[in-house]
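Asks: From the sequence below, what's the structure:
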Amino acid sequence: MAKPVPIGFAFDTLLDWYEEPPMEAMDPFAVLVATILSHRTNDDVTDPAARRVLGTFPTPETLAKADPDTVANLAHPVGFYKQKGKGLVQAARHLIEHHEGTIPANEKDLLAIPWVGRKTCNCILVYAFGEPVVPVDTHVHRIANRLGWVDADDPATTERDLHAILEPDQRRCVNEILVRFGRQICKPRTPLCGDCPLQEACPSDAGTPPTDTIEREGPTMLARIAADSRT
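Replies: Residues are numbered from 1 along each chain as shown. Model (predicted):
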C-alpha cells in the first residue's frame, strides 16, 4: 500500500504555496448566512449573493423580520435560492427566540438552528470562533482520501478521522487550504498532478505533465468576506 503524504510536509508546502496568513475571526452571523447560501453553489456565485443578503439584513434581528421572498430574490441565483431564503429567515428567528440574537459558540446549539448541518456548524466554529474543528466539504473529503490521510466513504467519517490525526492549528486551516487546492489543482475528474507541489509524495499521482499555466487560487469566499469586513 502506498504511503500517505506526510501531514506536516503537506501543510508546510500548501501554506507556503498559498502564502496563507493566520486567519482572523469573522462575524459569526456572516459565516452562518454565507455558508447556508454556499450549499451546492460555487464560491463565485455565493460571494455576491451573501454580500447582497448581508448588506440588506446585517443582523439576525433585521433578517428575522424579513420577507422570505425578498431574501430569496437577493440570494438568486444560488442553488435552491427560494428554500434558502425561507431557511435564512427561520434561522434568524430561531436565534432571536433561543439566543437573544447571538450566534452560539457550541456544536449542540448550532446544530439546533434550522438549515445548519455539520459543515455549516464547523465553519462557524472555525471561521468565527477559532475552534480546532474540521469543516468537510467535497474538496476536503476527496483530497484527504487521495493523499492517503483517510480511507472514508462519507464526509462524517472523514471529519472524524481527520480530527484524530491533525494538530489543532492544522484543523483550523485545513478547510481553507484544501478548498483552494481542490478548486485549482486537485480537481475531481482531472487533477493537475504535474502542477501539484505535493506530487513527489502523493500516492494518487497520475503522472500527468505540468501545464505551466497555473495561477495560484485566491482565498475562499468566507475568507474574502472576512477580509473585506475588516477594511
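
Asks: make it CA atoms for all contacts and neighbour counts henceforth
Replies: Noted.

Asks: Please enumerate the helices of the protein.
Replies: 7-17, 28-38, 43-56, 60-64, 68-75, 81-99, 107-111, 118-123, 138-146, 155-165, 168-184, 221-229 (DSSP state H).

Asks: Which among those helices is found nearest to residue 207?
Replies: Comparison of the helices of the chain against residue 207 by C-alpha to C-alpha identifies helix 138-146 as nearest, at 14.1 Å.

Asks: quick one, the closest one and helix 155-165 angle?
Replies: With axes from the mean of the first three to the mean of the last three C-alpha atoms, to 10 degrees defining the directions, helix 138-146 sits at 60 degrees from helix 155-165.

Asks: Reformat the helices of the chain as TSV; add distance to residue 201 and mean neighbour count.
Replies: Listed next are the helices of the chain as TSV, based on distance: least, C-alpha to C-alpha, whole Å; neighbours: other C-alpha atoms under 10 Å:
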stretch	distance to residue 201	mean neighbour count
helix 7-17	9	14
helix 28-38	32	24
helix 43-56	29	19
helix 60-64	46	20
helix 68-75	42	20
helix 81-99	41	20
helix 107-111	35	16
helix 118-123	29	23
helix 138-146	11	20
helix 155-165	18	17
helix 168-184	16	20
helix 221-229	28	17
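
Asks: Distance to residue 199 and mean pLDDT for the ones you listed - can I get that in TSV?
Replies: Listed next are those as TSV, based on distance: least, C-alpha to C-alpha, whole Å; pLDDT from 0 to 100:
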stretch	distance to residue 199	mean pLDDT
helix 7-17	10	95
helix 28-38	30	96
helix 43-56	26	96
helix 60-64	45	98
helix 68-75	39	98
helix 81-99	39	98
helix 107-111	36	98
helix 118-123	28	96
helix 138-146	11	97
helix 155-165	21	98
helix 168-184	13	94
helix 221-229	26	77
